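Chemist: give me coordinates for this.
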Amino acid sequence: MSANLLKSVYDAVPALRPVMASFRGWQLRRQRYGRETMQLVNAALERESWSADQWREWQSQRLADILRIAGQQTAPYRNWWRQQGGDSDRWKELSHWPILEKESLRRDPKQYLADGNDPRNLVQIQTSGSTGTPMTLWHSRRTQREWYALFEARWRRWYGVNLHDRWAILGGKMIKPVEEKTPPYWVWNAGMRQLYLSTYHLSPERVPFYLDALSRYRVKYLLGYPSALNELAVEALRLGRTDISLAVIVTNAEPLLAQQRETIRRAFRCPVRSTYGMTECCAGASECEEGNFHIWPDAGILEVCDEQGVVSSSGSGDLIATSLIKQELPLVRYRVGDHGRIASWDERCPCGRTLPLLGEVDGRSDDIVVTPAGVRVCRLDPVFKYNIPIRESQIVQETRESFLVRYVPAEEFRPEHEAEMAAHLREYVGIVQVRFEPVDRIPRTASGKLKTVVSLLS
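Modeler: Numbers count the residues shown, from 1 in each chain. Down below sits the predicted model:
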């Protein structure tokens, strides 16, 4: 049965939605977890106390295999090295490899498959398309299980939950057509023990239905985009809902602002932890109980480079990742599209783990604004950290000298708050024109994410 036909049946017969979701859940569970999962999880947890030298040795061995496969078994890399002089040993050093841009991979991902890998025998994955254009990739079952073992170790185990717990996700998949106004706006996936709540119907007047579902399905933890979780939390506080007991709330895909974290924590009375990862399986990081981000060095090697691919001396720049677990489609020095800073291996966290620290992820590198003076600014969330009564916001740079600020006002919002936001924005970008657009909800991307900063300069 084709994907289009399955979707037609799903949309037309509501009673079948949980059955179809659960069937898909069992498929995903078999792909992601197996007999080796607990062994992989325990090994990952054991590595969290390794020294920097142990990590370098482990990464060096993995990297050698990845570079050999990429250089000898994938057409683009093989051709590139031939152009550089053939059998030179330069290919053994990561720093000698070119930067792989996302557009090159998106244009023809099949050419990056290593020899002997047939897409029909792999798991097809589609990225969410944060920039508006999704990308199709393929993973082997081995890659899937190594990747999700890291999730189990460094998400769930750190936060006191496990893959057998009932959980919920507030995400960007369509559960029912948007024109259908009545609940449910969710589907129970028995295969993953997961309640999938769609953000496409999330609005203040419908939040009580979402909260009722969380309570009725007795979920232990909740995963979602910070903007959507914040929308849920604001209404839960307003309604005085105290009937939902969660062990932890985990955020992903968007930066978690301090104001959002506090609102979500107060609403659900549990820790809120931020995470970082990508469908390409190149890099991951998770927040420990001390509030620090720890990189997963067993997922990949992270570099920080400038636009020309030169390793940044300032410690801040574009994040470049080389996967250490993905051999079927090796990605070497892949510009992931985020801007951030990596701490030194010598920096230590009070939690006791020796995993390196990710200083910060400032945001998407393609949505960094440029001031009239030509300065690149990658963090604008402080503009809204002055107790301005808004539910959510988005800054759009239209030209070097003009910005649009979309915002969803809270009940206490007054016209003078626009002047406050304009003044704070100018503190960061200089003298610019600022216009405002109050809206009921900020438009999301196709995957349901809220982009807090958008640059139209490109």
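
Chemist: could you use CA atoms for every contact and neighbour count after this?
Modeler: Noted.

Chemist: check residue 293 and give its pLDDT.
Modeler: You'll see residue 293 listed with a pLDDT of 91.

Chemist: roughly how far does the nearest residue to it once chain neighbours are set aside sit from residue 250?
Modeler: Leaving aside its chain neighbours, residue 293 sits nearest to residue 287 (4.3 Å; criterion: CA to CA, 6 or more residues apart in numbering). Residue 287 sits 9 Å away from residue 250, going by CA to CA, to the nearest Å.

Chemist: before we move on, what about residue 14?
Modeler: Going from residue 14 to residue 250 by CA to CA gives 29 Å.

Chemist: what about the two, which has more around it?
Modeler: Comparing residue 14 with residue 250 by other CA atoms under 10 Å, the one with more neighbours is residue 250, at 22 against 14.

Chemist: and that one, what are its phi and psi?
Modeler: Main-chain dihedrals, residue 250, degrees, to the nearest 10: phi -110, psi 130.

Chemist: one more: residue 402?
Modeler: Backbone torsions of residue 402, given as degrees, to the nearest 10, read phi -140, psi 140.

Chemist: what's the answer for residue 394, then?
Modeler: Backbone torsions for residue 394, taken as degrees, to the nearest 10, come to phi -150, psi 130.

Chemist: hmm, back to that, name the residues contacting each of residue 287 and residue 250.
Modeler: 273-275 (CA atoms under 8 Å, 6 or more residues apart in numbering).

Chemist: who wins on neighbours among those?
Modeler: Scoring the shared contacts of residue 287 and residue 250 on neighbours with other CA under 10 Å, the highest-scoring entry is residue 274 at 26 neighbours.

Chemist: residue 355 is in what secondary structure piece?
Modeler: Residue 355 is part of no helix or strand, with elements assigned from DSSP states H and E.

Chemist: which residues of the stretch 351-458 of the chain fall in strands?
Modeler: Under the criterion DSSP state E, counting those that start in this stretch, the stretch 351-458 of the chain contains strands at 358-364, 369-370, 376-377, 390-399, 402-409, 433-438, 453-455.

Chemist: thinking again about what came up before, what about the residue nearest to residue 293, how many neighbours?
Modeler: Neighbour count of residue 287, defined by other CA under 10 Å: 22.

Chemist: and the longest helix for the chain?
Modeler: The single longest helix within the chain, with elements called by DSSP state H, is helix 52-73.

Chemist: run through who's touching that helix.
Modeler: Outside helix 52-73, the residues that reach it (CA under 8 Å, 6+ apart) are 77-78, 81, 91-92, 94, 114-115, 297-298, 301, 323-327, 330-332, 345, 354.

Chemist: show me those that map onto strands.
Modeler: 301, 323 (DSSP state E).

Chemist: so who does the one residue sitting closest to the centre of the chain touch?
Modeler: Centrality entry for the chain: nearest residue to the mean C-alpha point is residue 253, 2.9 Å, by CA atoms, centre = their mean. Applying CA under 8 Å, 6+ apart, we find residue 253 in contact with 225, 275-277, 449.

Chemist: circling back to that earlier point, which of the shared contacts of residue 287 and residue 250 fall within strands?
Modeler: Residues of those located in strands (DSSP E): 273-275.

Chemist: need those residues in CSV (columns: pLDDT and distance to residue 156).
Modeler: Formatted as CSV, those follow (pLDDT from 0 to 100; distance: CA to CA, whole Å):
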residue, pLDDT, distance to residue 156
273, 96, 11
274, 93, 12
275, 92, 11
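
Chemist: could those residues go into TSV alongside distance to residue 240?
Modeler: TSV is the format used below for those (distance: CA to CA, whole Å):
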residue	distance to residue 240
273	23
274	25
275	28
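
Chemist: got a list of what residue 395 touches?
Modeler: So residue 395 contacts 403-406, 452-454 (CA under 8 Å, 6+ apart).

Chemist: now, the most widely separated pair of those residues?
Modeler: 403 and 452 (12.9 Å; CA to CA).

Chemist: quick one: residue 17 is in a helix?
Modeler: Yes: under DSSP: H, G, I helix; E, B strand; the rest coil, residue 17 falls within a helix.

Chemist: mind checking how far it is from residue 195?
Modeler: The value you get for residue 17 to residue 195, if CA to CA is used, is 12 Å.

Chemist: just the buried residues out of the contacts of helix 52-73, in PyMOL syntax.
Modeler: Buried subset of the contacts of helix 52-73, written as a PyMOL selection, criterion 16 or more other CA atoms under 10 Å:
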select buried, resi 77+81+91+92+114+297+298+301+323+324+325+326+327+330+331+332+354
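
Chemist: hang on, residue 413 packs against residue 389?
Modeler: Yes: using CA atoms under 8 Å, residue 413 is in contact with residue 389, at 5.3 Å.

Chemist: can you get me the start-to-end distance on stretch 98-106?
Modeler: For stretch 98-106, the end-to-end distance is 17 Å (CA to CA).

Chemist: next, the buried residues of stretch 174-190.
Modeler: Residues of stretch 174-190 classed as buried by neighbour count (16+ other CA under 10 Å): 174-176, 184-190.

Chemist: measure residue 368 to residue 172 for me?
Modeler: From residue 368 over to residue 172 the distance is 24 Å, taken as CA to CA.

Chemist: with residue 189 instead?
Modeler: Counting by CA to CA, the gap from residue 189 to residue 172 is 16 Å.

Chemist: just the CA atoms of the helix or strand harbouring residue 187, as PDB, please.
Modeler: Residue 187 is part of strand 186-189 when elements are defined by DSSP H and E. Only the C-alpha atoms of strand 186-189 are listed here, as PDB (Å, rounded to 0.1, in the frame of the first residue of the first chain):
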ATOM      1  CA  TRP A 186      -3.500  13.400  19.500                       C
ATOM      2  CA  VAL A 187      -3.100   9.700  18.900                       C
ATOM      3  CA  TRP A 188      -1.900   6.900  21.200                       C
ATOM      4  CA  ASN A 189       1.000   4.900  19.800                       C
END
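
Chemist: how about low-confidence regions in the stretch 201-350 of the chain?
Modeler: In the prediction, the stretch 201-350 of the chain carries residues with pLDDT under 70 at positions 307-309, 312-315.

Chemist: how about the helices in it?
Modeler: In chain order, the stretch 201-350 of the chain shows helices spanning 207-216, 226-239, 258-268, with DSSP state H, counting those that start in this stretch as the criterion.

Chemist: make a markdown table out of those helices and add distance to residue 445 and mean neighbour count.
Modeler: Formatted as a markdown table, those follow (distance: least, CA to CA, whole Å; neighbours: other CA atoms under 10 Å):
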| stretch | distance to residue 445 | mean neighbour count |
| --- | --- | --- |
| helix 207-216 | 21 | 17 |
| helix 226-239 | 12 | 20 |
| helix 258-268 | 20 | 18 |
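
Chemist: which among the ones you listed is found nearest to residue 121?
Modeler: Nearest to residue 121 among the helices of the stretch 201-350 of the chain is helix 226-239; the distance by CA to CA comes to 35.5 Å.

Chemist: residues in contact with the closest one: which ones?
Modeler: Under the criterion CA under 8 Å, 6+ apart, residues 170, 199, 202-204, 207-208, 211, 251-252, 254-257, 260-261, 263-264, 266-268, 391-392, 449-450 lie in contact with helix 226-239.
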